[in-house]
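Asker: mind folding the following:
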Amino acid sequence: MKVALTGATGYTGSRVLEALKSRGDDVVVLARGDGARRLAAAGVRVVEGDLSSADVLGRLVAGVAGVVHVAAVYRTAGHPDSYYREVNVEGTRRLAEAAAAAGVKRFVHTSTVGVHGHVKNPPADEDSPMAPSDIYQETKAEGERAARALHGRNGMAVAVVRPGAIYGPGETRLLKLFKAIARGRYAVVGSGRAFYHPVYIDDLVQGYLLALDRPQAAGEAFIIAGARYVSQDDLAALIARHTGGRVLPFHVPAWPLQLAGMACEAVCVPLGIDPPIYRRRVDFWVKTRAFRIDKARTLLGYEPKVDLDEGIARTVAAYRQAGWL
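Answerer: Have a look, this model is predicted:
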């Protein structure tokens, strides 16, 4: 298949690129700057630009059968809300419109389980209410709706992937957590009973390929996550076991950190600085994310292959090999 891919310079997108190339797909990617140059030097066909240009996106999708849209502004606090909306919503809309106009047959859009917000009665599934609680989640929900609104236009089938919490070798968003536990300097924030639902990168990539290939994916959204979710206490204990570290024998109240995050955001965001702590980071500990993956199993044949215990072990080994841990 000839496939256009966005987000190929990021962690997830780069792994999707590897998987597409390894199975023989002809891939063209959207990238800019140093990332575009690195990919081109590695022999990847690149259309240079970003999601802001309809002309660039038209060139990206010309003649392709499928699009995998991974690019997004992730959860940081150094950007104004308007930037999230421009990339995650309007950028998605432009790309989907260009794909439909070009006769693309399958458009795979990346959303997030975060569109469901805090899951009050776990586990949730794809039909659970959307309840986004921050600008990232809000714009990912809007972007998902923008993509799905174009399902069926000019014969284009839209499929949505809602990943769980992505982890694995090379992923750095959880690196600070692993380091703190390895050094014995970590205490769980909040009750420790909030659930967290990881997905190992190889399993997530499998989900993308199934959403791209399977006829049953057309018009549907799928939660792609690991076989099990875990409490914050159990996650910390598991990381401690594999790193040889320890978790401090007390919990830190969440509310002082939330107040500190609010104050940091008020000072840093207007200056365009990513705050050292912000409220959305505290949500990691206190908001439950727990889901069923039955729909992906039934319709796509998705089956996570890497258990959380094995995935944490592989991640720790990779961090150590890289000299990060």
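Asker: neighbouring contacts of stretch 16-35?
Answerer: Outside of stretch 16-35, the residues within contact range by Cβ atoms under 8 Å, 6 or more residues apart in numbering are 1-9, 39, 44-51, 56-57, 60, 64, 68, 70-71, 205, 208-209. (C-beta placed from N, C-alpha, C; glycine too.)
Asker: if we use 6 Å, what do you get?
Answerer: 1-6, 8-9, 39, 44-48, 50, 60, 68, 205, 208 (Cβ atoms under 6 Å, 6 or more residues apart in numbering).
Asker: likewise for stretch 221-238?
Answerer: By Cβ under 6 Å, 6+ apart, stretch 221-238 touches 113, 126, 160-164, 188, 192-199, 204, 207, 247, 285, 290-291, 293, 295-296, 304, 308, 312.
Asker: off-centre distance for that stretch?
Answerer: 14 Å (Cα atoms, centre = their mean, to the nearest Å).
Asker: going forward, begin numbering at 197 instead of 1
Answerer: That works, and once the first residue is 197, the last one we named lands at stretch 417-434.
Asker: mind listing what's buried along it?
Answerer: Buried residues in stretch 417-434, counting neighbours by 16 or more other Cβ atoms under 10 Å, are found at 417-422, 425-429, 431-434.
Asker: would you check which pair of those residues lies furthest apart?
Answerer: With Cβ to Cβ as the measure, no two of the buried residues of stretch 417-434 lie farther apart than A417 and A433, at 32.6 Å.
Asker: picking that back up, just the buried residues of stretch 417-434: which are in strands?
Answerer: Counting by DSSP state E, the part of these found in strands is A417, F418, I419, I420, V426, S427.
Asker: show me what the fourth one bridges to in the sheet.
Answerer: With beta bridges defined as DSSP bridges, I420 has these partners: P359.
Asker: tally of neighbours for T202?
Answerer: 26 (other Cβ atoms under 10 Å).
Asker: for it, list the residues it contacts.
Answerer: L226, H265, V266, A267.
Asker: from A261, how far out is it?
Answerer: 16 Å (Cβ to Cβ, to the nearest Å).
Asker: secondary structure element holding V264?
Answerer: strand 262-265 (DSSP states H and E).
Asker: now the strands: where do they sit in this protein?
Answerer: 198-202, 222-227, 241-244, 262-265, 302-306, 353-359, 361-363, 391-392, 394-396, 417-420, 426-427.
Asker: for the ones you listed, give me JSON lines that also has distance to A292 and mean pLDDT.
Answerer: Listed next are those as JSON lines, based on distance: least, Cβ to Cβ, whole Å; pLDDT from 0 to 100:
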{"stretch": "strand 198-202", "distance to A292": "11", "mean pLDDT": "98"}
{"stretch": "strand 222-227", "distance to A292": "14", "mean pLDDT": "98"}
{"stretch": "strand 241-244", "distance to A292": "16", "mean pLDDT": "97"}
{"stretch": "strand 262-265", "distance to A292": "8", "mean pLDDT": "98"}
{"stretch": "strand 302-306", "distance to A292": "6", "mean pLDDT": "98"}
{"stretch": "strand 353-359", "distance to A292": "7", "mean pLDDT": "98"}
{"stretch": "strand 361-363", "distance to A292": "23", "mean pLDDT": "97"}
{"stretch": "strand 391-392", "distance to A292": "31", "mean pLDDT": "96"}
{"stretch": "strand 394-396", "distance to A292": "24", "mean pLDDT": "98"}
{"stretch": "strand 417-420", "distance to A292": "14", "mean pLDDT": "98"}
{"stretch": "strand 426-427", "distance to A292": "35", "mean pLDDT": "97"}
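Asker: would you format those strands as JSON lines with distance to A459 included?
Answerer: Compiled in JSON lines, the strands of the chain are given as follows (distance: least, Cβ to Cβ, whole Å):
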{"stretch": "strand 198-202", "distance to A459": "35"}
{"stretch": "strand 222-227", "distance to A459": "37"}
{"stretch": "strand 241-244", "distance to A459": "40"}
{"stretch": "strand 262-265", "distance to A459": "36"}
{"stretch": "strand 302-306", "distance to A459": "32"}
{"stretch": "strand 353-359", "distance to A459": "31"}
{"stretch": "strand 361-363", "distance to A459": "27"}
{"stretch": "strand 391-392", "distance to A459": "26"}
{"stretch": "strand 394-396", "distance to A459": "30"}
{"stretch": "strand 417-420", "distance to A459": "35"}
{"stretch": "strand 426-427", "distance to A459": "29"}
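Asker: of all the ones you listed, which lies closest to A378?
Answerer: That would be strand 361-363 among those, by Cβ to Cβ, at 15.3 Å.
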